[in-house]
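1. Output the structure for:
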Amino acid sequence: MTELINFVYLLSAVLFMLGLMKLSSPATARLGNKLSMAGMALAITATLLNPEISSFKMIIIGIAVGTVIGAVAAIRVKMTSMPEMVALFNGCGGAASALVALAEFQSAGSSFSSFNMVTLILSVIVGSLTFTGSVIAFGKLQGLVPSRPVCYPGQQVVNALILLAVAVLGVVVYQDPANLLFFYGIIGISLLLGVLAVIPIGGADMPVIISLLNSYSGVAVAMTGFALANNALIVVGSLVGASGLFLTKIMCDAMNRSLANVLFGAFGSGDSAGGGEEVAGGSGGSVKGYELEDVATVLENAGSLIVVPGYGMAAAQAQHVVRELCDYLEEQGVEVRYAIHPVAGRMPGHMNVLLAEADVSYDLLFAMEDINDDFSDTDAVLVIGANDVVNPAAKTNSSSPIFGMPILNVDEARTVIVLKRSMNPGFAGIENELFLKDNTMMLFGDAKKSVRDLLSALKE
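-> A predicted model of the protein is given here:
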């Protein structure tokens, strides 16, 4: 039976790896999800075949409760709320690993080998801080916690001392596994560390933090797998941990910043919820607001159009009407494409998810590096709710906090149309030089309504 279980675990691991590979492209993402689901189903089946299971009562109850919660959440969640759900899923993964490690520690205690004891301690540390860190990330995304960095004097020193306290308690528990009080102390301090580690991180860095917390949850799962000698948990946790870490690196590269700068730089002081200072034209230009008819005329006469979506499109839930507008323009002979910046939105791939949900063809989605050279030959660019990822200051202003960050070269197009609710700055809290350029047309208002009105004007 053990050989059969390990074979099924191996098969599920192969499906997980194939699923992960397919998830790298929007065109194959759905197949990747199905392969990963099949792998998880096999892993659960193999686990239930374990002859050491004496009763299935609690297992069945757990599966039933989890199925109901997962199904209801998946059905009710809006696509604009996917970042919040991803953050919660990361937290649930960390909490599950910590709880399993806690139960195993209480049942086995001092009978653990040195290696298993180390992995158990690491599991509760990483799992606990992942849980509370993910809850804070969820709160920032949901607006329950200020999205701006929450900082105080000596913050990094306090966090370092807390981390040191966790390490000391870990050594004490390792030497004396019967000391349950100290083990509970590790969990409590790790929970606190998760909160304090995420609150100083601004909303601009949420894509990085979500992918990093995802990596943490995988590490916690892998550590629990080592402690339980469960091959499925080891393989799955390692895959999640490694892929999350690579994704974190990609996100950091997309902002031209190091992970240390993200974690400790308190970047993104602007609060996306509003209340920021209005751009006053400090770069010497002036903001030019246009009427709907002016913008419709530009689109009507354009031979090519690139749409650049940002978080504002998600907040306005405008993805469906954007697709309708682009479908109409394509029918009129306009070449339409979408330019996707890696960190646009609130989680990795946020814009791809929204546009896929609106049935935008995968063939029309282009990554920044694949489309950046085409802006200079494009008649019109439609920027919908994007801000920092299209700010030319990243290329021209060495004193700007985003200087050096790779951006979409929308300013090189013949005409740039920016749909924006107000002149509030983006997450970086700085003036966007794009809004002041001579080839930029600002159309103020709710993005969904503006796009709908544009479509109506074009059809008249």
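
2. any low-confidence regions in the stretch 51-200 of the chain?
-> Low-confidence segments of the stretch 51-200 of the chain (pLDDT under 70): 108-112.

3. Tell me where it has helices.
-> 57-76, 82-108, 114-142, 155-175, 180-198 (DSSP state H, counting those that start in this stretch).

4. could you give the angle of the last one to helix 114-142?
-> What separates the directions of helix 180-198 and helix 114-142 is an angle of 40 degrees, with axes from the mean of the first three to the mean of the last three CA atoms, to 10 degrees.

5. do the first one as well
-> Counting by the same axes, to 10 degrees, helix 57-76 lies at 30 degrees to helix 114-142.

6. And the contacts of helix 57-76?
-> Helix 57-76 has contacts (CB atoms under 8 Å, 6 or more residues apart in numbering) with 48, 53, 85. C-beta coordinates here come from the backbone N, C-alpha and C atoms, glycine included.

7. Among the helices of the stretch 51-200 of the chain, show me which one is buried the most.
-> Across the helices of the stretch 51-200 of the chain, averaging neighbours per residue (mean count of other CB atoms under 10 Å) puts helix 114-142 on top, at a mean of 24.

8. and the gap between the nearest residue to Ala101 once chain neighbours are set aside and Phe105?
-> Leaving aside its sequence neighbours, Ala101 sits nearest to Ser123 (CB to CB, 6 or more residues apart in numbering; 3.9 Å). Distance of Ser123 to Phe105, computed by CB to CB, to the nearest Å: 9 Å.

9. try Asn397
-> With CB to CB as the criterion, Asn397 and Phe105 are 54 Å apart.

10. Could you do Leu169 as well?
-> 13 Å.

11. what about the helices in the stretch 301-450 of the chain?
-> Going by DSSP H, counting those that start in this stretch, the stretch 301-450 of the chain shows helices at 311-316, 319-331, 350-357, 368-371, 393-396, 447-459.

12. So which of those helices is nearest Pro406?
-> helix 368-371 (6.5 Å; CB to CB).

13. what about the closest one, average pLDDT?
-> In this model, helix 368-371 has a mean pLDDT of 92.

14. As PDB, could you dump the C-alpha coordinates of that helix?
-> Taking C-alpha atoms only, helix 368-371 is exported to PDB below (Å, rounded to 0.1, in the frame of the first residue of the first chain):
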ATOM      1  CA  MET A 368       5.600  45.200 -21.600                       C
ATOM      2  CA  GLU A 369       8.800  43.900 -23.200                       C
ATOM      3  CA  ASP A 370       6.900  42.700 -26.300                       C
ATOM      4  CA  ILE A 371       5.000  45.900 -27.100                       C
END
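
15. Show me what that helix packs onto, helices and strands only.
-> Counting contacts by 3 or more CB pairs under 8 Å, 6 or more residues apart in numbering; DSSP states H and E, helix 368-371 packs against strand 335-340.

16. which neighbours does the strand it packs on have in its sheet, and in what orientation?
-> Strand 335-340 sits in its sheet next to strand 304-309 (parallel), strand 365-367 (parallel), going by DSSP bridges.

17. and that strand with helix 350-357, angle?
-> Going by the same axes, to 10 degrees, strand 335-340 makes 140 degrees with helix 350-357.

18. Go through strand 335-340 and flag the buried ones.
-> 336-340 (16 or more other CB atoms under 10 Å).

19. before we move on, what about stretch 244-252?
-> 244-245, 247-248, 251-252.

20. now swap in stretch 410-423 and tell me
-> Within stretch 410-423, judged by 16+ other CB under 10 Å, the buried ones are 410-413, 415-420, 423.

21. Just give me the closest of the residues you listed to Val236.
-> Val410 (40.1 Å).

22. Show me where the stretch 201-350 of the chain dips below the pLDDT cut-off.
-> 203-204, 264-285.

23. thought the residue nearest to Ala101 was touching Ala227?
-> Yes: between Ser123 and Ala227 there is a contact under CB atoms under 8 Å: 6.2 Å.
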